[in-house]
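Engineer: give me a model of this one.
(chains A and B)
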Number of protein chains: 2
Amino acid sequence: MGPGPSDVDPRVLEAMARPTIGHLDPLFVDMMDELKGMLQYAFRTRNALTLPISAPGSAGMETAFVNLVEPGDTVIVCQNGVFGGRMKENVERCGATPVMVEDEWGKPVDPQKLEDALKAHPEARTVAFVQAETSTGAESDTRTLVEIAHRHDCLAIVDTVTALGGTPIETDAWGIDAVYSGSQKCLSCTPGLSPVSFSEAAIARIRNRKTKVQSWFLDLNLVMGYWGEGAKRAYHHTAPINALYGLHESLVLLQEEGLENAWARHRRNHEALRDGLEAMGLSFVVAPEHRLPQLNAVRVPEGVDEATVRSALLSDYSIEIGAGLGPLAGRIWRIGLMGYASNPRNVYLLLSALEAILAAQGYALPRGAAVDAARAAYASGNENLKTAANG
Amino acid sequence: MGPGPSDVDPRVLEAMARPTIGHLDPLFVDMMDELKGMLQYAFRTRNALTLPISAPGSAGMETAFVNLVEPGDTVIVCQNGVFGGRMKENVERCGATPVMVEDEWGKPVDPQKLEDALKAHPEARTVAFVQAETSTGAESDTRTLVEIAHRHDCLAIVDTVTALGGTPIETDAWGIDAVYSGSQKCLSCTPGLSPVSFSEAAIARIRNRKTKVQSWFLDLNLVMGYWGEGAKRAYHHTAPINALYGLHESLVLLQEEGLENAWARHRRNHEALRDGLEAMGLSFVVAPEHRLPQLNAVRVPEGVDEATVRSALLSDYSIEIGAGLGPLAGRIWRIGLMGYASNPRNVYLLLSALEAILAAQGYALPRGAAVDAARAAYASGNENLKTAANG
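Structural biologist: Next comes the predicted model:
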């Protein structure tokens, strides 16, 4: 129940243990086509260039930057948490100039600041931001930010590592040019893969580059030869076969549930957790309208040692929650309700455990209030209480 | 039985299906320490900077180049197959100049040519070559090539993707500065991870770079913060937890067998396969003294359609063997006996199957001769025939 990796569905784990076959085996090539189709479903896109990068989300981020950015470019990078900072690093390492649009950690990206930066930098060709900041739990308004980027003739790179499967992403309807995610958050797969999708405009830019992509491993001109259309696949690198079995199964699970149902489930469990945490007297870092349901950042109460609480949760309850990062280190907890782990059982367990640990630390609160509040939230949501209670 | 991925030991598959825990969980951090120790065992090194890169072998290669090479450098790249060409790509994408030392595909790297290139290019700082060319099955003399590189004040990057666990690598004794491999060959793990090891001299160069490493994801200055000594681990990227469970188990298996015993097993099964293939009238691409036991490249006989034979092996016997690449495309087969797949059962199965398929194509050969020759090889090797026959 941290900021990811989240719990993995047993069906995904079983799939990963199937015998390894070759990366050019006709059966595997068929599975690649299915993976592409299911990733298009998850990203809500018809982009032909939709595939999983054979490495974690950070490599997905790097794929977007090294392919779309050339030396000398200006890139507007919006930062409201850790991952905007990582984007800046990527831009610099591509030999380009990042122009930073800074917002407070815990706040969404301010569209007006982006607009101002684009007016001040008409030479910019690319805008990059994080839809779902894993370091704070804040969600930015992708539709609006992409629209502003396009109005200034920029392509938009959007980080959806923590978003995909948990909260709406409309790649085509919002016109996102490059989107990347991770397997280990709301998809309930193991960490190690990064689903990505690129628009036609992004592909055109990649095809028309003046310089070679600086990474051979992440060069989409080459990766496309393996993940492209048709039965003919050119060997690029050896695909992580078993990890892809797992991702495939996690996407089958997502299709079985339905994407909108998955969003609704994340929302419902968030609301119950939120009511429980607030009944305990805890407060959220992010304003209600910008809160990600899958990642709940709450302030550590005065006088409570946050590391001791996390240790007790891990050792006594086998629950991992996340610490704060950067300016929020020591000041917040990050409680994930992602994918398979987003269920009432976890909500009740976390609330009960946290209540007991805080009480042991002398933090006064009425015992049982948190669980009651969560239960009431499920009931008021007109949900099947029996299902909720049984997890 | 192709050039990899090889068959994965069931114990490795089981390990991969264990529940995912966090990348900063104390139990996982302990496992990272064990992984490092077992990789040091496999590479025969005490290098502190020994770890698995969270992506396939191609990313391990890129890790070596982006960390050790700076723009403007001259790098001597020895090419005698596909992977020397990939090294050249890496050098160029680092903004450096590759000086190519070319040898015929199927031949080892010629030490005299390397010596000549280093004399002609005293400005070179790095030498790179492939110990075990996966595209041809040829092995180069790493000890001699590294010694020449050091005599000319160069660091040596050595590709051991197909070598590790199957054939001797003496990282410390031979003085290799940067070595990388893959999980999916003689380690019998699934594809997706790249074990690497860097010497003190290599670390000193990385620490003293004038420019930042162009890849954020592969920057060892950052990766070291997560994989370094002690209990304090700085988050860099989310490690591929379950893939690392698998690698851990594959290294436990290697330790149980013993590295020297694993080398001997690969040698023994190669000799049986070789005698069988030669009894069938097939000839090897590589001269005996430079042949890798784990990868057997043989010429396609006149008048035989090589793709039809591979298809029949796959569809009728569930055996995958590799095709030729580059100038050897259509002219050779690559038969792997790697890791878990290097056993007498596979030797007998492949020989029987190939014999039957070639006979069906009208290629005349005495039926049963191949299997008899393999059996004789096992017997003459003073091996336990019972074990050999039972696989």
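
Engineer: now do the residue lying closest to A:Ala48 once chain neighbours are set aside against chain B, distance only.
Structural biologist: Distances taken as C-beta to C-beta, 6 or more residues apart in numbering or on different chains place A:Glu229 nearest to A:Ala48, at 7.0 Å, with adjacent residues excluded. C-beta: built from backbone N, CA, C; applies to glycine. Distance from A:Glu229 to chain B, counting by C-beta to the nearest C-beta, to the nearest Å: 21 Å.

Engineer: wait, a helix at A:Glu229?
Structural biologist: No: membership of A:Glu229 in a helix is not supported by DSSP: H, G, I helix; E, B strand; the rest coil, which gives coil.

Engineer: pretty sure it is touching A:Leu49, no?
Structural biologist: No: A:Glu229 is not in contact with A:Leu49 according to C-beta atoms under 8 Å; the separation is 10.3 Å.

Engineer: so where do the strands sit in the stretch 1-150 of chain A?
Structural biologist: Assigned by DSSP state E, counting those that start in this stretch, the stretch 1-150 of chain A shows strands spanning A:49-53, A:74-79, A:97-102, A:126-130.

Engineer: on the three-state scheme, the residue nearest the centre of chain A is what?
Structural biologist: Residue closest to the average C-alpha location in chain A (C-alpha atoms, centre = their mean): A:Thr162, at 1.5 Å. Classification of A:Thr162 by three-state DSSP places it in coil.

Engineer: pLDDT score assigned to it?
Structural biologist: For A:Thr162, the model assigns a pLDDT of 97.

Engineer: for it, what are its contacts?
Structural biologist: Counting by C-beta atoms under 8 Å, 6 or more residues apart in numbering or on different chains, A:Thr162 touches A:Pro3, A:Gly4, A:Ala132, A:Glu133, A:Thr134, A:Gly182, A:Lys185, A:Cys186, A:Leu292, A:Gln294, A:Leu295, A:Met338.

Engineer: then A:Pro19?
Structural biologist: A:Pro19 makes contact with B:Asp7, B:Val8, B:Leu13, according to C-beta under 8 Å, 6+ apart.

Engineer: likewise A:Thr142?
Structural biologist: A:Phe129, A:Gln131, A:Val158, A:Ile169, A:Glu170, A:Trp174, A:Ile176.

Engineer: low-confidence stretches in chain A?
Structural biologist: A:230-231, A:382-391 (pLDDT under 70).

Engineer: how's it carved up into domains?
Structural biologist: A:10-256, A:259-390 (automatic domain parsing).

Engineer: will you turn these into JSON lines that also has distance to B:His237?
Structural biologist: JSON lines is the format used below for those (distance: least, C-beta to C-beta, whole Å):
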{"stretch": "domain A:10-256", "distance to B:His237": "4"}
{"stretch": "domain A:259-390", "distance to B:His237": "14"}
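
Engineer: out of those, the one nearest B:Ala42 is which?
Structural biologist: Nearest of the domains of chain A to B:Ala42, taken as C-beta to C-beta: domain A:10-256 at 18.8 Å.

Engineer: and that closest one, how far out from the chain middle?
Structural biologist: Here domain A:10-256 is found 10 Å from its chain centre; the criterion is C-alpha atoms, centre = their mean, to the nearest Å.

Engineer: return the backbone torsion pair for A:Ser194.
Structural biologist: phi -130, psi 100 (degrees, to the nearest 10).

Engineer: now do the one 3 residues further on
Structural biologist: A:Ser197 has phi and psi values of phi -150, psi 140 when expressed as degrees, to the nearest 10.

Engineer: in strands, which of the contacts of A:Thr142 fall?
Structural biologist: A:Phe129, A:Val158 (DSSP state E).

Engineer: of all the contacts of A:Thr142, which two lie farthest apart?
Structural biologist: Taking C-beta to C-beta, the two most distant members of the contacts of A:Thr142 are A:Phe129 and A:Glu170; they sit 15.5 Å apart.

Engineer: more neighbours, these two?
Structural biologist: Ranked by neighbour count (other C-beta atoms under 10 Å in any protein chain shown), A:Phe129 and A:Glu170 place A:Phe129 first, with 28 against 14.

Engineer: residues in a beta bridge with the more buried one, which ones?
Structural biologist: Counting by DSSP bridges, A:Phe129 forms beta bridges with A:Val158.

Engineer: which residues touch it?
Structural biologist: Applying C-beta under 8 Å, 6+ apart, we find A:Phe129 in contact with A:77-78, A:84, A:87, A:109, A:114, A:140, A:142, A:145, A:156-159.

Engineer: can you list those in CSV and add distance to B:Gly22?
Structural biologist: Converted to CSV, these look like this (distance: C-beta to C-beta, whole Å):
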residue, distance to B:Gly22
A:Val77, 28
A:Cys78, 28
A:Gly84, 23
A:Met87, 24
A:Val109, 28
A:Leu114, 34
A:Ser140, 26
A:Thr142, 28
A:Leu145, 31
A:Ala156, 31
A:Ile157, 28
A:Val158, 26
A:Asp159, 21
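
Engineer: all the strands of the stretch 251-391 of chain A, residue numbers only.
Structural biologist: Under DSSP E, counting those that start in this stretch, the stretch 251-391 of chain A gives strands at A:295-299, A:322-323, A:332-336.

Engineer: note down every partner strand of the second one and its orientation.
Structural biologist: I take that to be strand A:322-323. Applying DSSP bridges, one finds strand A:322-323 paired with strand A:332-336 (antiparallel).

Engineer: residues in contact with the partner strand: which ones?
Structural biologist: Under C-beta under 8 Å, 6+ apart, the answer for strand A:332-336 is A:1-4, A:6, A:134-135, A:137, A:185, A:273, A:277, A:285, A:294-300, A:306, A:309-310, A:321-324, A:350.

Engineer: still on that earlier bit, quick check, nearest of the contacts of A:Phe129 to chain B?
Structural biologist: A:Met87 (9.6 Å; C-beta to the nearest C-beta).

Engineer: pretty sure the closest one contacts A:Asn80?
Structural biologist: No: using C-beta under 8 Å, A:Met87 makes no contact with A:Asn80, being 11.2 Å away.

Engineer: shared neighbours of the two, anything?
Structural biologist: With C-beta under 8 Å, 6+ apart, A:Met87 and A:Asn80 have common neighbours A:Val130.

Engineer: how about the residues of the stretch 1-150 of chain A near chain B?
Structural biologist: Contact residues, the stretch 1-150 of chain A versus chain B (C-beta under 8 Å from any C-beta of the partner chain): A:2, A:4-5, A:7-8, A:13-14, A:16-23, A:25-26, A:54-59, A:62, A:86, A:89-90, A:92-94.

Engineer: skipping adjacent residues, who's closest to A:Pro293 in space?
Structural biologist: Closest to A:Pro293 by C-beta to C-beta, 6+ apart is A:His270, at 3.4 Å.

Engineer: tell me the contacts of the one you found?
Structural biologist: Counting by C-beta under 8 Å, 6+ apart, A:His270 has contacts A:Arg291, A:Pro293, A:Gln294, A:Asn296, A:Leu337, A:Ser342.

Engineer: distance of the third one relative to chain B?
Structural biologist: In this structure, A:Gln294 lies at 15 Å from chain B, with C-beta to the nearest C-beta as the measure.
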